[in-house]
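Colleague: Sequence below, structure please.
(one chain, ligands or ions: 1)
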Amino acid sequence: MSSQSVREIHEKIRYIHSLYRQLKTLVARYDNVRLRIKVQKKKTADAEARCAELKSQHAKMCAEIREAEGRYDLIDAALQKRKTQLDQAKNNKEYTSLKDQIADDQKRNDALADKILEQTEKAEEFVPRIESADAEIKAARAAQAEVEKELRDMVPELNESSQYIREEIRKNLKEVDADFVPPLRDALRAFDGDQAMAPVEGEYFCGGCRMEIPMQYIVALCEGKPYTCGSCGRFIYLPKGFVINNEDEDD
Ligand SMILES: [Zn+2]
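Modeller: Below you'll find the predicted structure:
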């Protein structure tokens with residue numbers, strides 16, 4: 001028989017389980033902030049991509065306008081030249097031909113001028129959109145910086161707390177009743193931290209997988225013997241307030 005009472009053995013394991021749960025909560029807090037940073041980084045990148053796309057469309061449009069203006073100038077120069085040639089036309093045929101070319105060039109340039117005007121209006125519509133995309137980037141970067149700062153601020157406190165909890169776990173594991181150590185170690189190797197242990201739920205259910213624990217094992221637990229859930233492999237302990245028959249008889 002061990003030096004600890006059944007109640008003390010399970011109290012100790014219960015405390016160790018609560019420590020593992022605290023550790024999990026700390027890690028979850030940390031992960032949560034890191035996840036938020038990831039989300040925020042994506043928002044920043046998306047805003048930057050949207051803005052870059054708008055700027056590229058705008059630049060392409062401006063280049064098209066410049067190109068159209070160049071063509072307009074060339075046609076216009078040819079047109080002016082033909083107008084001066086009109087006066088020097090040698091015969092009626094040449095005069096008519098020049099007249100036709102001038103009319104043709106004029107028509108082409110009128111169409112070009114319409115297109116340039118239309119493109120210029122479209123390009124101007126991009127200006128406020130680019131401005132708002134730039135503002136979006138600025139806001140996304142600021143939000144990202146804020147969450148990154150939150151993480152930086154919480155790291156020292158998290159490290160300190162988790163170090164304290166890990167130390168407390170180490171210390172308390174050493175104080176676990178010798179018979180309980182091997183199965184508890186096995187469960188801790190098989191599961192991740194707080195998942196390695198589960199209290200009896202209700203009168204005879206595993207608090208981890210909810211499967212029924214055969215009554216003889218509940219009796220064994222109450223007699224101070226360890227039990228590992230036959231279904232999930234978690235180390236089972238008695239929760240606070242569980243009526244331990246043996247001890248009640250002793251009282
Ligand atoms: Zn189980």
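
Colleague: Counting by contacts, list what the helix or strand harbouring Lys149 packs against.
Modeller: Using DSSP states H and E, Lys149 sits in helix 92-174. If you count contacts as 3 or more C-beta pairs under 8 Å, 6 or more residues apart in numbering; DSSP states H and E, helix 92-174 packs onto helix 6-87. C-beta coordinates here come from the backbone N, C-alpha and C atoms, glycine included.

Colleague: In terms of secondary structure, what does the helix it packs on contact?
Modeller: Checking 3+ C-beta pairs under 8 Å, 6+ apart, helix 6-87 ends up next to helix 92-174, strand 197-201, helix 215-222, strand 235-237, helix 245-250.

Colleague: Tell me how far the second one lies from the chain's centre.
Modeller: If you compare the mean C-alpha spot of strand 197-201 with that of the full chain, they lie 33 Å apart, counting by C-alpha atoms, centre = their mean, to the nearest Å.

Colleague: ok, the next helix or strand after that strand near the ion or not?
Modeller: Next helix or strand after strand 197-201 toward the C-terminus (DSSP H and E): strand 205-206. Yes. Contact of strand 205-206 with the ion (C-beta under 5 Å from the ion) involves Cys206.

Colleague: residues making contact with strand 205-206?
Modeller: Strand 205-206 is contacted from outside by 198, 200, 211-213, 229, 231-232, 234, 236, using C-beta atoms under 8 Å, 6 or more residues apart in numbering.

Colleague: can you rerun that using 10 Å?
Modeller: 198-200, 211-213, 227-234, 236 (C-beta atoms under 10 Å, 6 or more residues apart in numbering).

Colleague: hang on, the earlier thing: format the helices and strands packed on helix 6-87 as CSV; extra columns: mean neighbour count, distance to the ion and mean pLDDT.
Modeller: Formatted as CSV, these follow (neighbours: other C-beta atoms under 10 Å; distance: least, C-beta to the ion, whole Å; pLDDT from 0 to 100):
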stretch, mean neighbour count, distance to the ion, mean pLDDT
helix 92-174, 14, 21, 95
strand 197-201, 20, 6, 97
helix 215-222, 16, 11, 94
strand 235-237, 25, 7, 97
helix 245-250, 11, 22, 52
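
Colleague: could those go into CSV alongside distance to Asp46?
Modeller: Converted to CSV, the helices and strands packed on helix 6-87 look like this (distance: least, C-beta to C-beta, whole Å):
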stretch, distance to Asp46
helix 92-174, 8
strand 197-201, 43
helix 215-222, 55
strand 235-237, 46
helix 245-250, 62
